[in-house]
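[1] quick one: sequence plus predicted model below, questions after.
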Amino acid sequence: MSQATGSGGRNGSYQNWLAAGAFPVAVAAYSGVALAKEKAPLALPGEVVLYQYEACPFCNKVKAFLDYHDISYKVVEVNPIGKKELKWSEYKKVPVLVVDGEPLNDSTNIISLLDERIYGKDKKPVASNTEEEKWRSWVDDYFVHLLSPNIYRTPSEALEAFDYITTNGNFTAWERAYAKYSGAIAMYFVGKRLKKKHNIEDERRDLFQAADKWVDAVGGRQFMGGEKPNLADLAVFGVLRPIRNMQTGRDLMANSKIGPWYARMEAEVGESNRLSDAPHV
């Protein structure tokens, strides 16, 4: 997907950052015993640093990949207003993943490059690649756009969202105080505009139907990748993991068929491989 469509974040103002889908998340508490994580057969990266917004769905796609492959990483939380943490980079969107000193950008591109580096170019049959890429594009082009209209659906949900954003984001004290309430109000209305922009008639219904469409595509398999998740599984899981404990996530699990697949993914991906955060610059 092109940068213009925002598969890795957005340039522009603080409000544009929020409208792009940098929605709040309460990371789901991990329960149960994780299955063995996927051990990559080829070269794993050494030092990995992720420049992110904690609440960004595209950043969470990258983290799902890293967590699943047991790749440790440090995090630099970017302040969305000034983005001074990215002053060294010509590319000012997130995520930016620095792998052994090499900066990579755009979430889908980052994951594809890492996957190729780890497994090689010819790891899967053509038919498998076709299905996988179709659904990865579906996540970027359609599914992720359902999330902001849902999490900012009502004033109370918007405030719940900003309580998380301001608590976990990289804000100064005055930015935090200002953003919680003004941001919630602004994004309630932005959510309505996004709903119209993406031709969403009923945000909850469309989200539930999209989740069911995904489950139907997985079919009788454990995962779309078969016995193990593929990149499409990780993409869907990555953008959903942040909202699991939000009202939108609770409603999604209660009103769609995605719960069992999500639980299998949660166990397969396991706990975060995040190290102590890198120092802010």
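    Received the coordinates, thanks. None of these values were measured; they are calculated from a predicted model.

[2] now the helix or strand where T108 lies: buried residues?
    Applying DSSP states H and E as the criterion places T108 in helix 107-119. Of the residues in helix 107-119, S107, T108, I110, I111, S112, L114, D115, I118 count as buried by neighbour count, 16 or more other C-beta atoms under 10 Å. Where you see a C-beta, it was placed from the backbone N, CA and C, and this is true even at glycine.

[3] quick check: angle from the helix or strand just after it to helix 107-119?
    Of the helices and strands lying after helix 107-119 in sequence (DSSP H and E), the nearest is helix 126-141. Between the axes of helix 126-141 and helix 107-119, defined by axes from the mean of the first three to the mean of the last three C-alpha atoms, to 10 degrees, the angle is 150 degrees.

[4] got the buried residues for helix 126-141?
    Buried, per 16+ other C-beta under 10 Å, within helix 126-141: E132, W135, R136, S137, W138, V139, D140.

[5] same check on stretch 81-101?
    K83, E85, L86, Y91, K93, V94, P95, V96, L97, V98, V99.

[6] for Y68, state which of those is nearest.
    L97 (14.8 Å; C-beta to C-beta).

[7] kindly state the beta-bridge partners for the closest one.
    L50, L104 (DSSP bridges).

[8] list the contacts for it?
    Going by C-beta atoms under 8 Å, 6 or more residues apart in numbering, L97 touches V48, V49, L50, Y51, V62, Y73, P103, L104, N105, I110, L114.

[9] closest one of those residues to L207?
    V62 (22.4 Å).

[10] quick one: mean pLDDT for the helix or strand where that closest one lies?
    Element membership of V62 [criterion: DSSP H and E] is helix 57-68. For helix 57-68, the mean per-residue pLDDT is 96.

[11] one more: stretch 129-148?
    In this model, stretch 129-148 has a mean pLDDT of 94.

[12] kindly report the same for stretch 264-273.
    According to the model, stretch 264-273 has a mean pLDDT of 96.

[13] low-confidence ranges, the chain, go.
    1-43, 122-128, 162-189, 191, 276-281 (pLDDT under 70).

[14] can you give me the strands for it?
    Counting by DSSP state E, the chain has strands at residues 48-52, 74-77, 96-99, 102-105.

[15] keeping just the C-alphas, turn the longest one into CSV.
    Output of strand 48-52 as CSV, limited to C-alpha atoms (Å, rounded to 0.1, in the frame of the first residue of the first chain):
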residue,chain,number,x,y,z
VAL,A,48,16.1,-3.5,17.0
VAL,A,49,14.6,-0.1,18.0
LEU,A,50,11.0,0.8,17.2
TYR,A,51,10.0,4.5,16.9
GLN,A,52,6.3,4.4,17.5
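
[16] done for today, thanks.
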